[in-house]
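Peer 1: pasting the sequence and the predicted model now:
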2 protein chains.
Amino acid sequence: MARTRSEERRAEILRAALEVIAERGYRGATLGSVAERVGLTQQGLLHYFPTKEALLVAVLEERDRWDTSGGRDREGWRLDLLDSLVEYNAMRPGIVQTFSALLGESVTDGHPAREFFTERYAQVRANMADVLRLEYGERLPGGLTPERAAPLLTAVMDGLQYQWLLDPAAVDMPGAFRDFLRLLAGPAEA
Amino acid sequence: MARTRSEERRAEILRAALEVIAERGYRGATLGSVAERVGLTQQGLLHYFPTKEALLVAVLEERDRWDTSGGRDREGWRLDLLDSLVEYNAMRPGIVQTFSALLGESVTDGHPAREFFTERYAQVRANMADVLRLEYGERLPGGLTPERAAPLLTAVMDGLQYQWLLDPAAVDMPGAFRDFLRLLAGPAEA
DNA sequence: CATCACCTACCGATCTACAGGTAGGCGGGT
DNA sequence: ACCCGCCTACCTGTAGATCGGTAGGTGATG
């Protein structure tokens, strides 16, 4: 209760960090610019997060907490919610941009978010496979097993996000994603 | 004839830059480390490329030249070659990593590669659509039009690359891509 | 053939600008 | 009185870029 002032501050800082990372990536982000956004000096910020990397870790952890809560059903998403997740994302370019930028950076050597993303994707693929199995059983109408479809599903989401971020007008992200789901669902048996 | 010494040098530098960008991204790359790799000082490097951004532009232009030549057939790739392109990529983590890192960075504000990627993706989608149309006509077996399938095809390639870069053992990139092509090709009519 | 003008390919020193991080202090609420 | 929240001052490192050179080559000319 009564979230302390300190906790509020931290939350503010994380939100600001999210923004700044979206705009310039992690490497390009500076503590000073994050601090400025919440009306602190850089050193004031370091009072809450002792290093830049600690701040990044906190951002990633919050993300983890976020998508381990909403939109999920105990052990994973439900298929129909995936759809609305993509639509939700389409309304939040900021967050999408943050994590797309981080994902891109994370493939470089020794990036502090690399492990996070590696594990996260393994987990996401497993979740996707579960969701698909629950929906379709061992073989999807399109012919794939859940395990083979999962990486594709994941790839489509990420790939579409990049195209959409680069040129929102050129790609109908939710529509394209639905197209893909229909592809997975296979011949409509009409 | 007799590529001048200078042209050779520039080519060496571009190769080194490609490596360094793969390892640290553009923002993380330093002129000094590129220079070192070709046995120059940072200032010596600046003799060939007057600014860091000029070097990046040259890298991107070379990429453009590269994939506007090999693997393409006049106006685009051929579908069966797409498949081998992915396999080719799977053997060159370095290059894939360079451009995945750059793509990720490019969605941040004012990134010098942003325009390049925006245009490039528009072009790639158009190419893909052409290829698909040539192969299947106005409607793919899976039910999509070439224009709607193109962004998906592109997204799958990119998305798989990230998953693969993060954990090569966890994703069979060429296999997954083939799965997707089969999905597009629709019911085998068997 | 020798000299002068000029170009290419660099390097050393240095400037400017931040960036991340440390040390210590100060004010206000409990 | 104490400690939390935050600041000032400062240090260190590093990055991109400029400046001014030097060494070697090439070509024209007297």
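Peer 2: That came through fine. Numbering: from 1, shown residues only, chains lettered A, B, ... in the order given.

Peer 1: could you measure from the residue of chain A with the smallest separation from chain B over to residue B:25?
Peer 2: Evaluated by C-beta to the nearest C-beta, chain A has residue A:104 as its residue closest to chain B, separated by 0.8 Å. (Each C-beta comes from the backbone N, C-alpha and C, glycine too.) Between residue A:104 and residue B:25 the distance, using C-beta to C-beta, to the nearest Å, works out to 8 Å.

Peer 1: now for the two: what residues contact both?
Peer 2: A:25, B:101, B:102, B:104, B:105 (C-beta atoms under 8 Å, 6 or more residues apart in numbering or on different chains).

Peer 1: go through those residues and name the one nearest residue A:46.
Peer 2: When the shared contacts of residue A:104 and residue B:25 are ranked by distance to residue A:46 (C-beta to C-beta), residue A:25 comes first, at 20.2 Å.

Peer 1: looking at it, the closest one is touching residue A:101, isn't it?
Peer 2: Yes - checked against C-beta atoms under 8 Å, the pair residue A:25 and residue A:101 is within contact range at 4.5 Å.

Peer 1: who touches both of these two?
Peer 2: Counting by C-beta under 8 Å, 6+ apart, the residues touching both residue A:25 and residue A:101 are B:104, B:105, B:108.

Peer 1: list the contacts for the closest residue to the first one other than its chain neighbours?
Peer 2: Sequence neighbours aside, residue A:104 is the residue nearest to residue B:104 in space, at 0.8 Å (criterion: C-beta to C-beta, 6 or more residues apart in numbering or on different chains). By C-beta under 8 Å, 6+ apart, the contact set of residue A:104 is A:25, B:25, B:100, B:101, B:102, B:103, B:104, B:105, B:106, B:107, B:162.

Peer 1: please, a ChimeraX command that selects the buried ones among the residues you listed?
Peer 2: Here is the ChimeraX command that selects the buried residues among the contacts of residue A:104 (16 or more other C-beta atoms under 10 Å in any protein chain shown):
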select /A:25 /B:25,100,101,102,103,104,105,106,107,162
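
Peer 1: need the max-distance pair from the contacts of residue A:104.
Peer 2: Largest pairwise distance in the contacts of residue A:104, by C-beta to C-beta, is 15.2 Å, between A:25 and B:162.

Peer 1: and the pLDDT for the residue in chain A positioned nearest to DNA strand D?
Peer 2: Checking chain A residue by residue against DNA strand D with C-beta to the nearest atom of the strand singles out residue A:44 as nearest, at 2.3 Å. For residue A:44, the model assigns a pLDDT of 95.

Peer 1: element containing the closest residue to it other than its chain neighbours, please.
Peer 2: Using C-beta to C-beta, 6+ apart and skipping residues adjacent in sequence, the residue nearest residue A:44 is residue A:35, 6.1 Å away. Residue A:35 is located in helix A:31-37, with elements delineated by DSSP states H and E.

Peer 1: and that helix, what's buried?
Peer 2: Judged by neighbour count using 16+ other C-beta under 10 Å, the buried positions of helix A:31-37 are A:31, A:33, A:34, A:35, A:37.

Peer 1: and for stretch A:174-183?
Peer 2: Within stretch A:174-183, the residues that count as buried by 16+ other C-beta under 10 Å are A:174, A:176, A:177, A:179, A:180, A:181, A:183.

Peer 1: quick one: pLDDT of the last one?
Peer 2: In other words, residue A:183. Predicted confidence (pLDDT) for residue A:183: 94.

Peer 1: what does stretch A:119-130 contact?
Peer 2: For stretch A:119-130, the surrounding residues in contact (C-beta under 8 Å, 6+ apart) are A:64, A:75-77, A:146-147, A:149-151, A:153-154, B:162-163, B:166-167, B:170.

Peer 1: report the distance from that stretch to the chain centre.
Peer 2: The gap between the average C-alpha position of stretch A:119-130 and the chain average comes to 13 Å, counting by C-alpha atoms, centre = their mean, to the nearest Å.

Peer 1: check stretch A:98-107 too.
Peer 2: 10 Å.

Peer 1: mind giving me the domain split of chain A?
Peer 2: Domains of chain A are assigned by automatic domain parsing as A:1-60, A:70-190.

Peer 1: okay, these, which one's buried deepest?
Peer 2: For the domains of chain A, ranked by mean neighbour count under the definition mean count of other C-beta atoms under 10 Å in any protein chain shown, the leader is domain A:70-190 at a mean of 19.

Peer 1: is that domain positioned near DNA strand D?
Peer 2: No - when contact is scored as C-beta under 7 Å from any atom of the strand, no part of domain A:70-190 falls within range of DNA strand D; the minimum is 13.8 Å.

Peer 1: in chain A, what helix or strand scores lowest on average pLDDT?
Peer 2: Confidence across the helices and strands of chain A bottoms out at strand A:72-73, with a mean of 55, counting by mean pLDDT, DSSP states H and E.

Peer 1: what's next to stretch A:170-185, contact-wise?
Peer 2: By C-beta under 8 Å, 6+ apart, the list of residues contacting stretch A:170-185 from outside reads A:79, A:82-83, A:86-87, A:89-90, A:132, A:140-142, A:144, A:149, A:152-153, A:156-157, A:160-161, A:163-164, A:188, B:121-122, B:125, B:142-144, B:148-149, B:151-152, B:155, B:183-184.
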